[in-house]
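> show me the folded form of this:
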Amino acid sequence: MSDFPDLSGFADAQQRLVEGLGTSVTFRFVDVNTYASGVYIDPQTGLPLDPTVTASASSPASASIILKATVIRRTPQLTSDGLNDGDAGVAGIIPAGKAWLRIPAGHDPNILFAKYVDIGDESFLIERFVYDGIGLIDRLYVECEFLTG
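Prediction:
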């Protein structure tokens with residue numbers, strides 16, 4: 001018997017599970033704008049700090065990418081006095097309005113350039129991407145925040 005777990009078997013089993021039971025999610029991209037040199041850009045939004053500045057060139061966003069993922073969301077706990085926002089669930093404490101996606105290994109690397117993700121009929125802003133680093137299996141976690149309105 002080997003001292004190391006069968007990571008390739010684990011990855012294959014997880015891939016089959018996500019393909020069979022996962023949720024279809026759609027990664028969306030934003031238009032790429034080019035601004036004149038010297039224009040200060042907000043690193044979080046990609047927009048100029050000066051709202052009067054307009055783009056000197058614009059390229060349309062590429063097509064969206066649809067794939068299956070595991071969606072980890074905080075389930076609100078109902079109490080006699082309404083929603084209890086402070087309860088931790090099985091996945092730990094996940095703030096209301098947040099979701100995490102677990103993307104299996106072998107995903108399309110272009111999703112790393114997406115700005116938004118649609119889960120069902122809800123849209124989320126992608127906040128960050130994190131690889132789990134378990135052995136040679138590079139599953140990707142995507143932290144998202146619900147977009148209102």
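> residue 25: neighbouring residues, count only.
By the measure other CB atoms under 10 Å, the count of residues near residue 25 is 23. In this view, the C-beta of every residue, glycine as well, is placed from N, C-alpha and C.
> okay, buried residues for the helix or strand hosting it please.
Assigned by DSSP states H and E, residue 25 belongs to strand 23-28. Residues 25, 27, 28 are the ones in strand 23-28 that count as buried (16 or more other CB atoms under 10 Å).
> within its sheet, name the partner strands of it and how each one runs.
Strand 23-28 has the following strand partners under DSSP bridges: strand 65-73 (antiparallel), strand 116-119 (antiparallel).
> so what touches it?
61, 64-71, 101, 111, 114-120, 126 (CB atoms under 8 Å, 6 or more residues apart in numbering).
> continuing past it, what's the next helix or strand?
Once the chain leaves strand 23-28, the next helix or strand it forms, by DSSP H and E, is strand 32-34.
> any idea of the mean pLDDT for that following strand?
For strand 32-34, the mean per-residue pLDDT is 79.
> what helices or strands is that strand leaning on?
Secondary-structure packing of strand 32-34 (3 or more CB pairs under 8 Å, 6 or more residues apart in numbering; DSSP states H and E): strand 57-59.
> if you average pLDDT over the strand it packs on, what comes out?
Average pLDDT, strand 57-59: 75.
> can you pull the contacts of the nearest residue to residue 131 once chain neighbours are set aside?
Nearest non-adjacent residue to residue 131, counting by CB to CB, 6 or more residues apart in numbering: residue 138, 5.1 Å away. Neighbouring residues of residue 138 by CB under 8 Å, 6+ apart: 105, 131, 132.
> turn those into TSV, including distance to residue 55.
Listed next are the contacts of residue 138 as TSV, based on distance: CB to CB, whole Å:
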residue	distance to residue 55
105	37
131	32
132	37
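> would you mind measuring from the residue most central in space within the chain to residue 111?
Nearest to the geometric centre of the chain sits residue 142, at 3.2 Å (CA atoms, centre = their mean). Relative to residue 111, residue 142 is positioned 8 Å away (CB to CB, to the nearest Å).
> shared neighbours, those two?
Residues touching both residue 142 and residue 111 (CB under 8 Å, 6+ apart): residue 103.
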